[in-house]
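Colleague: I'd like to go over a predicted model; first the sequence, then the structure.
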Amino acid sequence: MALPEVTVSARRTPELAQETPVAVTTVSGEALDRGRGSSFEDVARLSPSTVFSPQGGPFTIRGVGSMGMDGGIDRQLGVGLFLDDVYVGRPGAFPTLLTDVGRVEVIRGPQTTLYGKNTIGGAVTVVTPDAGAEPAASVDLRLGTGNERAVRGSVSTPLANGNVRARASFASTQRDGYIDNRTTGGKDADTGTYSGRIGVTSFAGEDTTLRLTADYERDADDGGIPFVPLSVAKKRESILDAPAKRSADRGGAALKVDHDLPGATLTSISAFRGFQWDMVLDGDFSATPMLLQGQDERQWQVSQEVKLASVSPAVRSAGDLRWQAGLFYLHEDFKGSQTYDMASVSQEDASRNALDVTTETFSAFGDLGYAVTPAVEVSAGLRYTRDIKDGTATVSSPSGNNFFGTPATASGRRTDDALSPEVGLTWTVSPQVMAYGKVSRGFKAGGISQFLEAGGKANSYDPETSWSYEIGSKTDWADGRLTVNVAAFYTDWKNQQARVAVNPALPTLRVIDNAAAATSYGAELEAAARLNEEVTLTLGYGWLRAQYDTFRVAATGADYSGHQTPFSPRHTLTADLAWQHPVGAGLTLFASTTPTLRSSYTFDPEGAYRQPAAFTVNAEAGVKGEGWSLSLWGRNLTDETVLKGYFRSNGQDYGVAEDGAAVGLTAKAVW
């Protein structure tokens, strides 16, 4: 029995994964459910050379990401996230949990020709399922350790004689905190997430399909980041006298229209997205009621893309031309601030560092492939981007404590223009072997931050660029029962944006500067095998060397040249072993396990602390019948201590650990 064929949209058009000359890992919704994983961290663990961290990029691929939390509230992405082809502009807008997902694609390497904005490290695309032609419904209930309880479900139905199909889904996940607070006697790092999605697909004639979607998610918890001294954090304990409080709302709507023309398809994607969140947390990271800090962000964006793409022939012949071209527009409005002051001062009167910025992005792009022979295709793509930002940074302190410096306001404007080319060659050596090579230029826009430069000017920083070189192959063996894919890459990353100190005596006074250059190179292997009719095995391995070529901070004399870039483990290894066995009477036993290994990595350029190598295991086992299943599951069964956040201040290390081992029970029904 052959492995099932996997379809991806890594080149913005549906293709078989084994015929796509791109390094892409596809994680199905079913795979996410195994071991009850349902977050972007679970996705990253299944992809070589990939790390997800709320503190980091959030995604870092092949050592290339962004400043993350170190950039303050101006968190521009280095790896773009796309939800049903809609760009999600800020980390605060990322879904907390992945529910009702068809698949997630992790596309490694710069994708700035077809995807565009801020994909210098790669792109992650989330694809949600459409309603089917027949009525259907599902619900699953989950109970686990730590008082974890979750419910999620979906219902879909055809309407208007099948010309319209509608699907709705919902989810609620709650869990008590897993960190023991020794000061309050309570629990920190609780979870409370609620979400819903509606999708309507309309077939407006034989040639036109409309898909309207809307989604909403709310978090009501403490944000899960009770930073404490590292020795305490590693015990999954807290000493904070002021536990954090957070509320977050995010969502959006999109209309996608596909219209078939003779030999081509015209696609329009119109979308609105936004989020808002507020947080207050302990500012001195101790049991002493001394300092409080807070953060709030508000963002909304509208985007429009229009694309015309050729229809590929079923069999490629010499002279065939594959092409697509389009226009993209994005308007973003962002407001955010950070507060830091004495605990006795109200948040309204606290010292504040704020940013108000609007962004207009215009792009035109094209990509084509020419079949020199039926086996050899040469390709070329080009994207032009103009990114315009208008921003105002404000430092204020009604309390008079001036934690962010003397009150001041400054405005700035910057315009960045970029050409992002890509050229490639694909060689179909045989029906079972395909080889490819490509060269691409990555681009990440510059910006205006919340900080003020010397002389009171608004802090403005330039774009990042990269040149990436990649070769790879995709192969099928044993009549489709085994696939083996390999890739090797080299990335030269220039003008890297970094937050640097400007006054050693005042560590809160910093700016963002193009202070670093880095090199990333390595190799990746992915394989899948149908061992027999009951057992399937997938493997992924990445070897990565990513380090700063130059990174010197003039104000402090710090030199990070030669240091490993953050969130860049040398080795990443994952496996997914799934088994199912019919036992009669309509029943099937099933089990799966997903062990992952990451070697050590750093959280910041200094690298004073390294996350030790960690081996984690998720697993699930159960029984299913017609329309139902019952399973036991476990997460992090090895109970590894892995930090999800870390920083160093005045020679002291602070951190917060991920959850430990957890087990539970899930019951699911499908109609």
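Modeller: Structure received.
Colleague: CA atoms for contacts and neighbours, from now on please.
Modeller: Will do.
Colleague: Tell me where the stretch 451-600 of the chain has strands.
Modeller: Ranges of strands within the stretch 451-600 of the chain are 458-461, 464-477, 482-501, 510-530, 535-553, 558-559, 571-584, 587-598, based on DSSP state E, counting those that start in this stretch.
Colleague: strands paired with the fourth one, and their directions?
Modeller: It refers to strand 510-530. strand 482-501 (antiparallel), strand 535-553 (antiparallel) (DSSP bridges).
Colleague: burial count for residue 288?
Modeller: 15 (other Cα atoms under 10 Å).
Colleague: picking up where we left off before, what's the closest of the strands of the stretch 451-600 of the chain to residue 351?
Modeller: Smallest distance to residue 351 across the strands of the stretch 451-600 of the chain (Cα to Cα): 15.4 Å, for strand 510-530.
Colleague: pLDDT averaged over the closest one, what's the number?
Modeller: The average pLDDT within strand 510-530 is 95.
Colleague: relative to strand 571-584, how tilted is it?
Modeller: If you take axes from the mean of the first three to the mean of the last three Cα atoms, to 10 degrees, strand 510-530 sits at 40 degrees to strand 571-584.
Colleague: Give me the distance from strand 510-530 to the chain's centre.
Modeller: Centre-to-centre, strand 510-530 and its host chain are 14 Å apart (Cα atoms, centre = their mean, to the nearest Å).
Colleague: Next, the angle from that strand to strand 464-477.
Modeller: 10 degrees.
Colleague: in strand 510-530, what counts as buried?
Modeller: 510-530 (16 or more other Cα atoms under 10 Å).
Colleague: which residues of the stretch 301-450 of the chain fall in strands?
Modeller: 321-342, 351-373, 376-396, 408-430, 433-444, 447-452.
Colleague: Ok, which of the ones you listed comes nearest residue 242?
Modeller: Of all the strands of the stretch 301-450 of the chain, strand 321-342 comes closest under Cα to Cα, at 12.4 Å.
Colleague: Return that closest one as PDB; C-alpha atoms alone will do.
Modeller: Once non-C-alpha atoms are left out, strand 321-342 reads as follows in PDB (Å, rounded to 0.1, in the frame of the first residue of the first chain):
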ATOM      1  CA  LEU A 321       5.000  27.900 -19.800                       C
ATOM      2  CA  ARG A 322       3.800  28.000 -16.100                       C
ATOM      3  CA  TRP A 323       3.100  31.500 -14.800                       C
ATOM      4  CA  GLN A 324       1.400  33.700 -12.200                       C
ATOM      5  CA  ALA A 325       1.300  37.400 -11.600                       C
ATOM      6  CA  GLY A 326      -0.400  39.700  -9.200                       C
ATOM      7  CA  LEU A 327      -0.800  42.800  -7.100                       C
ATOM      8  CA  PHE A 328      -0.900  43.100  -3.300                       C
ATOM      9  CA  TYR A 329      -1.900  45.900  -0.900                       C
ATOM     10  CA  LEU A 330      -1.800  46.100   2.900                       C
ATOM     11  CA  HIS A 331      -2.800  48.900   5.300                       C
ATOM     12  CA  GLU A 332      -1.900  48.500   8.900                       C
ATOM     13  CA  ASP A 333      -2.700  50.700  11.900                       C
ATOM     14  CA  PHE A 334      -0.800  49.800  15.100                       C
ATOM     15  CA  LYS A 335      -0.800  51.400  18.600                       C
ATOM     16  CA  GLY A 336       1.000  50.000  21.600                       C
ATOM     17  CA  SER A 337       2.800  50.900  24.800                       C
ATOM     18  CA  GLN A 338       4.900  49.500  27.600                       C
ATOM     19  CA  THR A 339       4.700  50.800  31.200                       C
ATOM     20  CA  TYR A 340       7.200  50.400  34.000                       C
ATOM     21  CA  ASP A 341       7.000  52.000  37.400                       C
ATOM     22  CA  MET A 342       6.700  51.600  41.100                       C
END
